[in-house]
Structures are given as structure tokens and as C-alpha cells.
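*Asks:* Okay, predicted coordinates and the sequence, questions at the end:
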Amino acid sequence: MATILIAEDERDLNNLVRRHLEEEGHQVLQAFDGLSAAHVALRERPDLVILDWMLPRLDGLEVCRRIRRESIVPILMLTARSEEIDRVLGLEVGADDYLTKPFSIRELLARVRALLRRIELDRDGQATEAAPPVLTLDALRVDLSQHVASVEGTLVDLTPKEFDLLALLVRNPGRAFSRDYLIEKVWGYDAGGSDRTVDTHVLRLRKKLGSVGDRIETVWGIGYRFAKTGDS
Ligand code: CA
């Protein structure tokens with residue numbers, strides 16, 4: 001079904017997860033330290049990476065950063081430190097989901113299924129998960145089926161690409177997206193989008209959105225996110 005990389009230095013745990021994933025029909029790659037995890041992730045291009053935070057040679061955060069520079073592969077982070085979850089979850093590092101140790105195999109398999117389902121939906125061009133057709137964030141209202149956005153009840157005149165970019169950001173408030181990811185999702189790899197294209201679209205969006213324009217924040221070293229709350 002899918003190719004999944006497990007990066008975990010505890011061999012028993014790594015092998016246990018491997019066995020269960022293979023039972024589900026997946027092909028499994030294993031890495032036991034951070035350096036080889038990053039290498040394997042970028043060379044073999046798995047469909048999903050299960051990445052432990054505490055790894056020898058290169059910690060999980062750095063592995064995650066290295067993968068994110070080149071790939072949008074979903075990353076499920078394993079961590080024993082629940083207080084670090086905000087950092088793990090995308091904003092700084094770019095992981096898609098996390099599990100705190102100890103976790104049950106059943107829970108892990110459920111997360112894996114959810115992440116794989118999400119990429120299936122993305123591939124089919126469907127909306128991610130069951131996104132509601134109208135998103136409202138304070139003064140901003142984004143109607144995904146009508147492809148219109150309004151601020152304080154006034155329609156904002158957006159180009160189709162500007163709308164797609166806004167919709168993607170607003171659907172995932174608080175989550176940081178790399179420019180590469182945005183290019184792939186909004187312009188498609190072959191359409192000649194560049195970092196500059198993303199930046200100019202964001203600039204225009206900010207201007208057009210007026211009072212809520214500042215909600216599109218630059219995340220240094222990563223890209224952009226739509227702030228969850230207006231006062232951040
Ligand atoms: Ca570990």
C-alpha cells in the first residue's frame with residue numbers, strides 16, 4: 001500500500017512497529033539513527049515518516065527540518081515530551097502529527113491511516129478531510145464552494161490563485177507551510193511557480209485583506225502561516 005520509514009533507535013520498538021505496519025500491507029524502511037533517517041527519507045522518498053524525537057547522531061527535530069527542506073512527506077513525530085508539542089507540530093519544525101510516548105500500537109496505526117488518507121485525498125484533489133464549505137475566522141469569511149472571501153461582510157476581489165492560497169492557509173490556521181509546499185499545492189510543480197511567486201501573492205493578499213491581512217504571518221526559515229488569533 002504505502003512505503004513507510006520508521007526512524008527509532010529503540011530496536012524493539014522499531015521492529016514492533018515494523019511488524020504491525022507490514023501486517024497492514026505496507027512496505028517498511030527502518031532507520032536507527034537520525035543521520036540515516038534523513039538520508040533514507042530523501043533518497044527513498046517514502047509516503048510517510050514515523051520519526052522519534054530522541055535519536056542518536058541527529059535529533060528528530062533536525063531530521064524533520066532537513067526533510068522539510070526538500071519534501072512534503074507527512075511526518076508523524078514520536079515524543080516523550082508533551083510540553084514540546086507546539087514546536088513539533090509544524091510551526092517551527094513541520095511535522096504533521098505527533099504521538100507522545102508511551103503510545104499504543106492501535107493508536108499509532110490509526111494515526112498512520114489518517115495521514116495516509118489525507119495524502120490520498122490531496123492526490124485526488126479533494127478538500128483535506130471534511131473541511132466545512134464556509135470558514136469563518138473573526139472578520140474573515142472564506143466560502144470554499146463559491147470561491148469567494150469577504151472581510152467584515154465586504155467581498156474581497158481575489159484572483160483564483162490568491163483565493164487558493166488563502167483557502168489553504170485558512171483551512172489550517174496556525175500551521176506553517178513551506179514555500180515549496182504552497183507552490184506544489186497552489187500552482188502545481190509544472191506550472192513554473194517560484195518562491196518569488198508565493199511571496200508576491202502573499203504581499204497582495206495581505207493588502208487586499210485589509211484589517212485581517214496581518215494574520216498571514218511570515219515564519220522565518222519555513223514560509224507562511226495564517227495566525228490562529230488576531231493578536232499574535
Ligand atoms: Ca529514541
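*Replies:* That came through, no problem.

*Asks:* Mind checking which residue lies nearest the centre of this structure?
*Replies:* With distances taken as Cα atoms, centre = their mean, D96 lies nearest the centre of the chain, 4.7 Å away.

*Asks:* which parts of this structure sit against the ion?
*Replies:* Contacts of the chain with the ion, taken as Cβ under 5 Å from the ion, map to 9, 52, 54. Any C-beta I mention is one placed from the backbone N, CA and C, and that applies to glycine too.

*Asks:* at 8 Å instead, please
*Replies:* 8-10, 13, 52-55, 78 (Cβ under 8 Å from the ion).

*Asks:* Now a PyMOL select for only the buried ones of these.
*Replies:* Typed into PyMOL, the line below selects the buried ones among those, using 16 or more other Cβ atoms under 10 Å:
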select buried, resi 8+9+13+52+53+55+78
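
*Asks:* which of the residues of the chain next to the ion sit farthest apart?
*Replies:* Using Cβ to Cβ, these span at most 13.0 Å, a distance reached by L13 and W53.

*Asks:* can I see the domain layout of this protein?
*Replies:* Domain segmentation of the chain under automatic domain parsing yields 3-123, 132-226.

*Asks:* Distance from the chain centre to the last one, please.
*Replies:* Going back to what we said before, that points to domain 132-226. 15 Å (Cα atoms, centre = their mean, to the nearest Å).

*Asks:* and L165, what helix or strand is that in?
*Replies:* Secondary structure from DSSP states H and E places L165 in helix 160-171.

*Asks:* Sorry, slip of the keys, the one I care about is H201.
*Replies:* Using DSSP H and E, H201 maps to helix 195-208.

*Asks:* ok, back up a step: in its sheet, which strands sit next to the helix or strand just after the helix holding L165, and in what direction?
*Replies:* Downstream of helix 160-171, the next assigned helix or strand under DSSP H and E is strand 176-178. Taking DSSP bridges as the criterion, strand 176-178 forms sheet pairs with strand 223-226 (antiparallel).

*Asks:* Where do the strands of this protein begin and end?
*Replies:* Using DSSP state E, the strands of the chain run over 3-7, 27-31, 48-52, 75-79, 97-100, 134-137, 140-143, 148-151, 154-156, 176-178, 216-219, 223-226.

*Asks:* Please consider this matter closed, and thank you.
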